[in-house]
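**Student:** fold the following for me, if possible:
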Amino acid sequence: MLNAYHMNREKMLQMLHAFDKELDRPMTIVITGASALIIRGCIIRVSKDIDVLQASDDLESGHVKKIIQKLATKFALDNEWINNRAKMIFEDLPGYKPDLIPVDGTFKHLKPYIISLADSVITKFAHFTNIRQWDKSDIATAKFGEQDFKDIRKKLDILYMQNPERSLRIELAFKSVKPEFIKTAEGYRYSNSTEVAEYALKRYGIVLEESTKKQIDEDVLNMVLSYEKAIVDIDYRALEELLRTKKPEC
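**Tutor:** Next up, the predicted model:
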């Protein structure tokens, strides 16, 4: 039995269908946050609300708001059981366009989409000054395939061209909960300092001295370091250099 005001995957789908039946014209919504992960089946938990990133109609006024409140009363849910507070993400990612996946179901007017797993990572960690513990837990719990990792890398690389600091911070947050993301370009685990040095040079133009490479290998051999941690240290070094040379905002 669900706690009051909370929805699991089945309840969320039920509410989307109930919402659809109340509409009298087409409406598109893009679902994000934990809601997207729950609906996709990537995580199993409940949530108070369905997070909408974008909607073709305003959820906070007019006929749509009345439908939301009507369904809240009918199904004993919070009055904001579906809301668009998640649109604030565009303050951190202006112009961001996530990949959209249609929600399975028979809908007449409503066209609901969820964002991709890669976009869930980007959007959950974009506000890097205030990453919530449950956001980390959601991403840590979700299962990622090799294609998901490739999609995340591609999106991070694109974001890096626009906003290097935010891209690096998102990547570091992701690596902290999914260390299996840290692989060579060929898709293998790092196995020596030469590969670490190649990563540093190719990605950031950082040259590792032979003495540094030797120390990394020794530290791994003595189990005081892992090659994955060495890669993260390179990322932090690049971030620190980026912040050091960053021009102050006017």
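**Student:** from here on, just use CA atoms for contacts and neighbour counts.
**Tutor:** Fine.
**Student:** which residues does residue 57 contact?
**Tutor:** Contact analysis of residue 57 by Cα atoms under 8 Å, 6 or more residues apart in numbering lists 27, 28, 64.
**Student:** is the second one in a bridge, and if so with what?
**Tutor:** Using DSSP bridges, the beta-bridge partners of residue 28 come out as residue 111.
**Student:** against residue 53, how distant is it?
**Tutor:** 11 Å (Cα to Cα, to the nearest Å).
**Student:** those two - which one has more neighbours?
**Tutor:** Higher neighbour count among residue 28 and residue 53: residue 53, with 22 against 14, using other Cα atoms under 10 Å.
**Student:** against which helices or strands is the helix or strand bottoming out on mean pLDDT in the chain packed?
**Tutor:** One helix or strand of the chain scores below all others by mean pLDDT, DSSP states H and E: helix 89-92, with a mean of 92. Here helix 89-92 touches no other helix or strand, going by 3 or more Cα pairs under 8 Å, 6 or more residues apart in numbering; DSSP states H and E.
**Student:** helix or strand right after it?
**Tutor:** Sequence-wise, the next helix or strand downstream of helix 89-92 (DSSP states H and E) is strand 100-102.
**Student:** show me how this structure divides into domains.
**Tutor:** Under the assignment automatic domain parsing, the domains of the chain span 9-122, 191-250.
**Student:** hmm, residue 36 and residue 138 touching each other?
**Tutor:** No. With contacts counted by Cα atoms under 8 Å, residue 138 stays clear of residue 36, the gap being 10.9 Å.
**Student:** circling back to that earlier point, residue 128: which of the contacts of residue 57 is nearest?
**Tutor:** residue 28 (28.7 Å; Cα to Cα).
**Student:** tell me the pLDDT at that closest one?
**Tutor:** What the model reports as pLDDT for residue 28 is 98.
**Student:** how much space between it and residue 209?
**Tutor:** 54 Å.
**Student:** and residue 155, what is it in contact with?
**Tutor:** residue 118.
**Student:** for it, give its distance to residue 170.
**Tutor:** Counting by Cα to Cα, the gap between residue 155 and residue 170 amounts to 11 Å.
**Student:** residue 97 now?
**Tutor:** According to Cα to Cα, residue 97 and residue 170 sit 16 Å apart.
**Student:** look at the two and report which has more neighbours.
**Tutor:** Between residue 97 and residue 170, counting by other Cα under 10 Å, residue 170 is the more crowded of the two (22 against 10).
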